[in-house]
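Trainee: sequence? don't have it. structure:
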Ligand SMILES: Cc1ncc(COP(=O)(O)O)c(C=O)c1O
């Protein structure tokens, strides 16, 4: 159950051993206080360490150590504390710190227009939410209203957020097991990453998986939506080029909507503004989150096709911080930075350079890269954990996805020198130093 989970496990010997060697008494006292007051849960409390500051690509812990953050919960496309984001947020705090429902504000309107202009195809109606999970919930509700159906097809091993509706379409045991009854009508299919295992390793596994999805849509006959990440983020696996166009065609044939969850992968992570620009089809709804808030504010967005604007007399996302003036200011500044610092190009170019370097690391079983996001597959979860803790000791933080994939996701503002330094730490750690 632990092996293919969303992140690294916060209980177990590897972590305890690392903490004994690394955490000083003052930090331990804070960690104990944290564990005293927070409800304990997998993947978070008890925590690993305590941080004091964050700047650029770095976290600074209570002992003053600088840690290159290639994890960042994927919120830090523009790094921590980018001056333009801080300035926009500070200005907005001073003039309009909150925007109560029933009113709108300039930042919200500007951000909705900007996202609609950036999104591909007919995706040009927007709704904001204070978390990716909440935006996924809005997408599910809109799919029900738009189609008059409630069923979904999603993928085992997927993660779409931690709420009950999101774990119903998600497929990770750590969220679903023992959770009790989940949403009805949430059909699951194997993920593209397991296509070869379930549908043949003769190179046609994905084709058969796409056929299988078509079959499920056909026998069910009343599926509202297929929902998935175009590129599974924890392991950075993109299916072959013809996979999503096939699923898109099946959705069209069977009257189901296609919803892409790009909560972690949006805004340049993959070298394009949206990952779906690289998978050969446009979904009916696109869900963004994480980095949209500039690494400052919880911001997520649902962008839907204009003709799906069909629920005017229903509440899709009645969230207190829906049109957050501060969150929208942070998002606008983030989009400005991505444009003005040419971060999409940087993501592609530095990403290609980084991938080349990773390919030279002998101890990796496989390496993958899309823009400035990398997946380094190693031989099992014990190897992955050992490498991660060695890296943490040497000042590099990243996530483990799928049990044995080191998922490296730096800010797009990272310099080549910083990337080199991080990969040097990684190479040493993989060699067991
Ligand atoms: C693919 C994906 N979907 C949804 C979510 C949930 O987003 P949030 O934590 O903002 O609710 C995440 C968060 O990790 C994610 O990676």
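Mentor: Ah, there it is. Only a predicted model underlies this, so the values are computations on that prediction, with no experimental measurement involved.

Trainee: might you list the low-confidence residue ranges for the stretch 201-350 of the chain?
Mentor: Nowhere does the stretch 201-350 of the chain drop to pLDDT under 70.

Trainee: for it, just list every one of the strands.
Mentor: Assigned by DSSP state E, counting those that start in this stretch, the stretch 201-350 of the chain shows strands spanning 223-228, 257-262, 285-288, 300-305.

Trainee: what do you get for the stretch 51-200 of the chain?
Mentor: So, for the stretch 51-200 of the chain - with DSSP E, counting those that start in this stretch - the strands run 51-55, 58-61, 66-69, 123-129, 151-155, 186-189.

Trainee: export these as a markdown table, with columns for distance to residue 172.
Mentor: Quick note: C-beta positions are derived from backbone N, CA and C, even for glycine. Below are these laid out as a markdown table (distance: least, Cβ to Cβ, whole Å):
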| stretch | distance to residue 172 |
| --- | --- |
| strand 51-55 | 26 |
| strand 58-61 | 26 |
| strand 66-69 | 23 |
| strand 123-129 | 21 |
| strand 151-155 | 10 |
| strand 186-189 | 11 |
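
Trainee: tell me the most buried of these?
Mentor: strand 151-155 (a mean of 24; mean count of other Cβ atoms under 10 Å).

Trainee: which positions in this protein make contact with the ligand?
Mentor: Within the chain, the residues that sit near the ligand (Cβ under 6 Å from any ligand atom) are 131-133, 136, 159-161, 229, 233, 261, 263-264, 289, 300.

Trainee: show me the contacts for whatever residue of the stretch 101-250 of the chain ends up closest to the ligand.
Mentor: The nearest approach of the stretch 101-250 of the chain to the ligand comes at residue 132, 2.5 Å away (Cβ to the nearest ligand atom). When contacts are counted by Cβ atoms under 8 Å, 6 or more residues apart in numbering, residue 132 is found next to 160, 161, 261, 263, 287, 289, 290, 300.

Trainee: which pair of those spans the longest distance?
Mentor: Comparing all pairs in the contacts of residue 132 by Cβ to Cβ, the longest separation belongs to 160 and 290, at 12.9 Å.

Trainee: and the closest residue to residue 116 other than its chain neighbours, what does it touch?
Mentor: Once flanking residues are discounted, residue 116 sits nearest to residue 124: 3.8 Å by Cβ to Cβ, 6 or more residues apart in numbering. Residue 124 is in contact with 116, 117, 303, 305, 306, counting by Cβ under 8 Å, 6+ apart.

Trainee: wait, the first one touches residue 127, no?
Mentor: No - under the criterion of Cβ atoms under 8 Å, residue 116 makes no contact with residue 127, lying 11.4 Å away.

Trainee: chain neighbours aside, what residue packs nearest to the residue nearest the centre of the chain?
Mentor: For the chain, the residue nearest the mean C-alpha position is residue 264 (2.2 Å; Cα atoms, centre = their mean). Nearest-residue entry for residue 264: residue 74, 4.0 Å, with adjacent residues in sequence omitted and distances by Cβ to Cβ, 6+ apart.

Trainee: count of residues packed around residue 164?
Mentor: As a burial measure, residue 164 scores 16 neighbours (other Cβ atoms under 10 Å).

Trainee: residue 323 touches residue 102, doesn't it?
Mentor: No - contact criterion Cβ under 8 Å: residue 323 and residue 102 do not qualify, at 10.1 Å.

Trainee: of these two, who's got more company?
Mentor: Using other Cβ under 10 Å, the more surrounded residue of residue 323 and residue 102 is residue 323, with 21 against 5.

Trainee: need the contact list for the more buried one.
Mentor: 99, 101, 103, 104, 105, 108, 128.

Trainee: list phi and psi for it.
Mentor: Residue 323 adopts backbone torsions of phi -110, psi 50, taken as degrees, to the nearest 10.

Trainee: how about residue 392?
Mentor: With angles defined as degrees, to the nearest 10, residue 392 sits at phi -60, psi -40.

Trainee: so it versus the ligand, what's the distance?
Mentor: Going from residue 392 to the ligand by Cβ to the nearest ligand atom, to the nearest Å gives 20 Å.

Trainee: show me where the stretch 251-400 of the chain has its helices.
Mentor: Taking DSSP state H, counting those that start in this stretch, the helices of the stretch 251-400 of the chain run over residues 325-340, 343-359, 381-393.

Trainee: return the most buried member of those helices.
Mentor: The stretch of the helices of the stretch 251-400 of the chain with the highest mean neighbour count (mean count of other Cβ under 10 Å) is helix 325-340, at a mean of 23.

Trainee: with distance to residue 365 and neighbour count added, can I get the contacts of residue 124 in TSV?
Mentor: As requested, those are exported to TSV (distance: Cβ to Cβ, whole Å; neighbours: other Cβ atoms under 10 Å):
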residue	distance to residue 365	neighbour count
116	42	16
117	41	8
303	36	26
305	40	19
306	45	10
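
Trainee: of all those residues, which two lie farthest apart?
Mentor: Taking Cβ to Cβ, the two most distant members of the contacts of residue 124 are 117 and 305; they sit 14.8 Å apart.

Trainee: just to revisit the earlier point, any chance of the strands of the stretch 51-200 of the chain in TSV, plus mean pLDDT?
Mentor: Shown next, in TSV, are these (pLDDT from 0 to 100):
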stretch	mean pLDDT
strand 51-55	98
strand 58-61	98
strand 66-69	98
strand 123-129	98
strand 151-155	98
strand 186-189	98
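
Trainee: nearest to residue 90, out of the ones you listed?
Mentor: The closest of these to residue 90 is strand 51-55. By Cβ to Cβ, the value is 16.0 Å.

Trainee: other SSEs contacting the closest one?
Mentor: Packed against strand 51-55 by the contact rule (3 or more Cβ pairs under 8 Å, 6 or more residues apart in numbering; DSSP states H and E) you find strand 58-61.

Trainee: parallel or antiparallel, list what pairs with the strand it packs on.
Mentor: Strand 58-61 sits in its sheet next to strand 51-55 (antiparallel), strand 66-69 (antiparallel), going by DSSP bridges.

Trainee: list the contacts of the longest one.
Mentor: The one in question is strand 51-55. Residues outside strand 51-55 that contact it (Cβ under 8 Å, 6+ apart): 59, 60, 61, 62, 64, 67, 69, 79, 80, 81, 295.

Trainee: cutoff 10 Å now
Mentor: With Cβ atoms under 10 Å, 6 or more residues apart in numbering as the test, strand 51-55 has contacts from 27, 58-67, 69, 72, 76, 79-82, 295, 397.
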